[in-house]
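>>> Sharing a model prediction with you, sequence too.
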Amino acid sequence: MGKLFWLEAILPLGIIAGMLNVMGNAQYYIHRAAHGRPKHIGNDMWDVAMERRDKKIIDNSAPAGN
């Protein structure tokens, strides 16, 4: 066994790291599929208000024929 005893920890740590990656990517792709864009990190009340304002401006400036 000697000096390679630390290799026993590599497999479980690799599995844990892989599963964390799978879960994170699943959240990203599910959110993107549901909302059409990636999640905005750190979205506070100001960001929400600005998104509503921008949507209202875009909707009001669109031609009436659409």
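Looks like it came in fine.
>>> Gly23: neighbour count?
Careful, residue 23 is Met and not Gly. 10 (other CB atoms under 10 Å). For glycine as for every other residue, the C-beta is placed from the backbone atoms N, C-alpha and C.
>>> any idea which element it lies in?
helix 7-35 (DSSP states H and E).
>>> Could I get the average pLDDT for the next helix or strand after that helix?
Downstream of helix 7-35, the first helix or strand assigned by DSSP H and E is helix 45-61. Across helix 45-61, the average pLDDT comes to 92.
>>> returning to that earlier point: what helices and strands are in contact with the helix holding Met23?
Helix 7-35 sits against no helix or strand, with contacts defined as 3 or more CB pairs under 8 Å, 6 or more residues apart in numbering; DSSP states H and E.
>>> If we go by neighbour counts, what in that helix is buried?
Within helix 7-35, not a single residue qualifies as buried, counting by 16 or more other CB atoms under 10 Å.
>>> Show the pLDDT at Met1.
Reported pLDDT at Met1 in the predicted model: 56.
>>> for Asn66, same thing?
For Asn66, the predicted pLDDT is 55.
>>> Same check on Leu7?
85.
>>> Show me the residue sitting in the middle of this protein in space.
Geometric centre of the chain, nearest residue: Tyr28, 3.7 Å, by CA atoms, centre = their mean.
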